[in-house]
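Asks: next input, structure requested:
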Amino acid sequence: MDGAAFDATRSVIDISGDGPNNIGMPVTATRDAAIAKGIVINGLPILISPSPSFSHLDQYYAECVTGGPGSFVLPVYAASEFVTAIRRKLVLEVSGVADPNADPGSVPVDAAAPVDCLQGERGRRFFSDPYFPELDR
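Replies: Numbering: from 1, shown residues only. Coordinates of the predicted model:
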């Protein structure tokens, strides 16, 4: 984004996926570096067939992936919701209006335990690195 030939009023990164980060720098370090540059990170976790070992992907996105002013997470639980979620995401990003359903100022009293933001990186080292050592960067 630093090398773009034009100036933008906002910079946004969209992250979507069906699992945690499992390659590259730790997700929190990458998120924090982007936020420090004024970049907003929004998330679209795909929970159509959640992994039994990582069923809290929406919470992972909220705590570990997204950040910056007005950032949001829009989970997708069924294939039929995907088009609506993409449309809603685009409207929120282009308009610059925060999600009216989000309440960033409140903290649930019965909050779940914090998510391990490095779970994907740890899992990769166990599952794929023995077979693909070049991924350990």
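Asks: alpha carbons only for contacts and neighbour counts from here, please
Replies: Fine.
Asks: read off the pLDDT value for residue 133.
Replies: Looking at residue 133, its pLDDT is 62.
Asks: what does residue 93 give?
Replies: Reported pLDDT for residue 93: 87.
Asks: what's the closest non-adjacent residue to it?
Replies: Of all residues not flanking residue 93 in the chain, residue 12 sits nearest, at 7.9 Å (CA to CA, 6 or more residues apart in numbering).
Asks: quick one: the strands in the chain, in order.
Replies: Ranges of strands in the chain, per DSSP state E, are 11-17, 39-45.
Asks: tell me the most buried of the ones you listed?
Replies: Burial of those is given as mean neighbour count (mean count of other CA atoms under 10 Å); strand 39-45 ranks first at a mean of 23.
Asks: how long is stretch 14-33 end to end?
Replies: With CA to CA, to the nearest Å as the measure, stretch 14-33 spans 15 Å from end to end.
Asks: correction: the previous question concerned stretch 15-32.
Replies: Per CA to CA, stretch 15-32 runs 14 Å from first to last residue.
Asks: in that stretch, what counts as buried?
Replies: Residues 16, 18, 19, 20, 21, 22, 26, 27, 28, 31, 32 are the ones in stretch 15-32 that count as buried (16 or more other CA atoms under 10 Å).
Asks: which among the strands of the chain is found nearest to residue 73?
Replies: With CA to CA as the criterion, residue 73 lies closest to strand 39-45 of these, at 4.6 Å.
Asks: quick check: the farthest pair among the buried residues of stretch 15-32?
Replies: So, those by CA to CA: farthest apart are 18 and 32, at 21.5 Å.
Asks: circling back to that earlier point, reformat the strands of the chain as TSV; add distance to residue 90 and mean pLDDT.
Replies: Below are these laid out as TSV (distance: least, CA to CA, whole Å; pLDDT from 0 to 100):
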stretch	distance to residue 90	mean pLDDT
strand 11-17	10	93
strand 39-45	11	95
